[in-house]
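Enquirer: build me a model from this:
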Amino acid sequence: MADDFEFLTVERAGRLATVTIDNPPVNVISMALFGELLQLANMLKYDDTLTVVVFRSANPDFFLAHFDVAAILERSTTGNAQRDAQLKPYHMLCEQFRTMNKIIIGQIEGRIGGGGSELAANFDMRFGVRGKTRVNQMEVPLGIIPGGTGTQRLPRLLGRGRAMELILSGDDMDAETAERWGYLNRIFEAAEITPFVDNLARRIASFSPHAVHVAKESMNNVERPWHEGLIEEAYLFEGLLRTDESQRNMRKFLEIGGQTPEGEQRIDALNAELGDP
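Expert: Take a look at the predicted model:
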């Protein structure tokens, strides 16, 4: 993958890519960084050699701040607001990460806020640091609202009441609360987060890319009515069942001790044996 960005560094290891954000001093989403994120999303979407993408920050104190307020002030305010039929570019960016057939993981070690928080809310997983990660939606105090999926994604992620508190208060949500409310999957001590995220990302990347992609596709159907989601789940299951890879892995599972008392007690280790080295 070409790495010709100014604010992003992309490193590859097999089916895993790590993206480091670096826009000093606080990783504000400038128009230039926004453009690079759009370019990156398009590159990742069409790269069939990748399964997992991890986002990190070069600055451990700031993961990704809000959109550049100075740039927002430059937007035209003449005439009445219009209701568009199409998604705005930032919505499209968030949707790309939410729906692309890659697993997107955010390693959020410091502050995240505004549009940065909205973008990360569309990732598949988010991990933070105990006593350090802080989330803030600062739009309402500025007289606007979260306009980058926040009023739609955060209620789905946290629940309506908790999203209301986060969005309307302008208060920080600390790491412990973010984990308890579901914004963060887990929190770690600072020295523990990178080894955990690295191991998790490599483990997922070792498994069947097609199975991983289809699992995400099926889980995204949670946005659809229950009955439709179940019908689609059954269809996707049957499709995977017909692949040579699934047949081979299920036979290997039985050969290495699956469905025996000893094997079932260490099923996580058996699962690891089914992945690529």
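
Enquirer: next, the distance between the ends of stretch 150-166.
Expert: Taking CA to CA, to the nearest Å, the span from the opening residue of stretch 150-166 to its closing residue is 10 Å.

Enquirer: so which bits of that stretch are buried?
Expert: 150-151, 153-155, 157-158, 162-163, 165-166 (16 or more other CB atoms under 10 Å). No exception for glycine: its C-beta is placed from N, CA and C like everyone else's.

Enquirer: can you tell me which of those end up in helices?
Expert: 150-151, 153-155, 157-158, 162-163, 165-166 (DSSP state H).

Enquirer: OK, contacts around the closest residue to His66 other than its chain neighbours?
Expert: By the measure of CB to CB, 6 or more residues apart in numbering, the closest residue to His66 outside its immediate chain neighbours is Gly114, 2.4 Å from it. Under the criterion of CB atoms under 8 Å, 6 or more residues apart in numbering, the neighbours of Gly114 are 29, 65-67, 136-139, 146, 148.

Enquirer: Ala205 now?
Expert: With contacts defined as CB under 8 Å, 6+ apart, the neighbours of Ala205 are 14-16, 51-52.

Enquirer: my guess is Leu236 contacts Glu217, does it?
Expert: Yes: shown here, Leu236 and Glu217 form a contact pair, counting by CB atoms under 8 Å, at 6.6 Å.

Enquirer: domain assignment for the chain?
Expert: Per automatic domain parsing, the domain ranges recorded for the chain read 8-73+82-204, 208-273.

Enquirer: mind putting the ones you listed in CSV, mean pLDDT included?
Expert: Listed next are those as CSV, based on pLDDT from 0 to 100:
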stretch, mean pLDDT
domain 8-73+82-204, 97
domain 208-273, 97
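
Enquirer: so which of the ones you listed is the most packed in?
Expert: Per-residue neighbour counts averaged over each of these give the maximum for domain 8-73+82-204, namely a mean of 18 (mean count of other CB atoms under 10 Å).
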